[in-house]
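Enquirer: this one's sequence-less:
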């Protein structure tokens, strides 16, 4: 298995992700997608957290504006529409199943956690449960990788091509150069 393509994590990234989440970032193993300004948008999280907890959500949407946009779509019943699409369109259902398998392979390239066997995120492979996770997967793996994530991104008010980042308050701190980076273990 090959490791998913994502950028290494700097201490500055961890500070930004912590500001985005409003809590300390946990067990980030990579930045799977970035805003056009360079800020993290999707983090890859270790499949087993440092406290031993299994963590199925390998691709985690951290950008606050993107997260709010996905919450809006969930409140607008887009998940219901997507579940109906999966039930009525065999091609979309097949692509969603493939997205599930790819997600598992990406996560397992970092670590295999027996408790998570067959469990991906967002309701894959048979239902839509969380647009945040599915949009994160689509952003990390690219267009066409997750049909429901693509739908969510297309329908959202947020765009990965336009910076909508708030001031995270970390730019006043000198970014740590890569020689001093702890790889997200800070």
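Expert: Perfect, thanks for sending it. Values in this document were obtained by computation on a predicted structure and should not be read as measured data. Numbering: from 1, shown residues only.
Enquirer: for stretch 32-43, buried residues please.
Expert: Neighbour-count burial for stretch 32-43 flags 32, 33, 34, 35, 39, 40, 41, 42, 43 (criterion: 16 or more other Cβ atoms under 10 Å). Quick note: C-beta positions are derived from backbone N, CA and C, even for glycine.
Enquirer: where does pLDDT dip in the chain?
Expert: Filtered on pLDDT under 70, the chain yields the residue ranges 1-3, 5, 171-186.
Enquirer: now with 90?
Expert: 1-8, 160, 167, 169-186 (pLDDT under 90).
Enquirer: what segments of it are helices?
Expert: 11-21, 64-75, 78-88, 90-108, 131-141, 147-155 (DSSP state H).
Enquirer: dump those helices to a markdown table, plus distance to residue 123 and mean neighbour count.
Expert: Conversion of these to a markdown table gives the following (distance: least, Cβ to Cβ, whole Å; neighbours: other Cβ atoms under 10 Å):
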| stretch | distance to residue 123 | mean neighbour count |
| --- | --- | --- |
| helix 11-21 | 22 | 22 |
| helix 64-75 | 12 | 18 |
| helix 78-88 | 8 | 16 |
| helix 90-108 | 9 | 18 |
| helix 131-141 | 8 | 28 |
| helix 147-155 | 8 | 22 |
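Enquirer: closest one to residue 164 among those?
Expert: helix 64-75 (4.3 Å; Cβ to Cβ).
Enquirer: hmm, who's touching that closest one?
Expert: Residues from elsewhere that reach helix 64-75, judged by Cβ atoms under 8 Å, 6 or more residues apart in numbering: 20, 41, 61, 79, 130-132, 135, 152, 155-158, 160, 164-166.
Enquirer: what does stretch 29-42 give?
Expert: Stretch 29-42 is contacted by residues 4, 6-9, 13, 16-17, 20, 43-46, 59-63, 66, 110, 136, 139-140, 160-165, 168, 183-184 when judged by Cβ under 8 Å, 6+ apart.
Enquirer: hmm, try it at 7 Å
Expert: Contacts to stretch 29-42, defined as Cβ atoms under 7 Å, 6 or more residues apart in numbering, come from residues 4, 6-9, 13, 16-17, 43-46, 59-63, 66, 110, 136, 139-140, 160-163, 165, 168, 184.
Enquirer: with distance to residue 118 added, can I get the buried residues of stretch 32-43 in CSV?
Expert: Formatted as CSV, the buried residues of stretch 32-43 follow (distance: Cβ to Cβ, whole Å):
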residue, distance to residue 118
32, 21
33, 25
34, 30
35, 32
39, 33
40, 28
41, 27
42, 22
43, 23
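Enquirer: relative to residue 101, which of the residues you listed is nearest.
Expert: When these are compared for distance to residue 101 (Cβ to Cβ), residue 32 wins out at 17.5 Å.
Enquirer: if we ignore the residues flanking it in sequence, what's nearest the closest one?
Expert: Leaving out its chain neighbours, the residue that sits closest to residue 32 by Cβ to Cβ, 6 or more residues apart in numbering is residue 140, at 3.5 Å.
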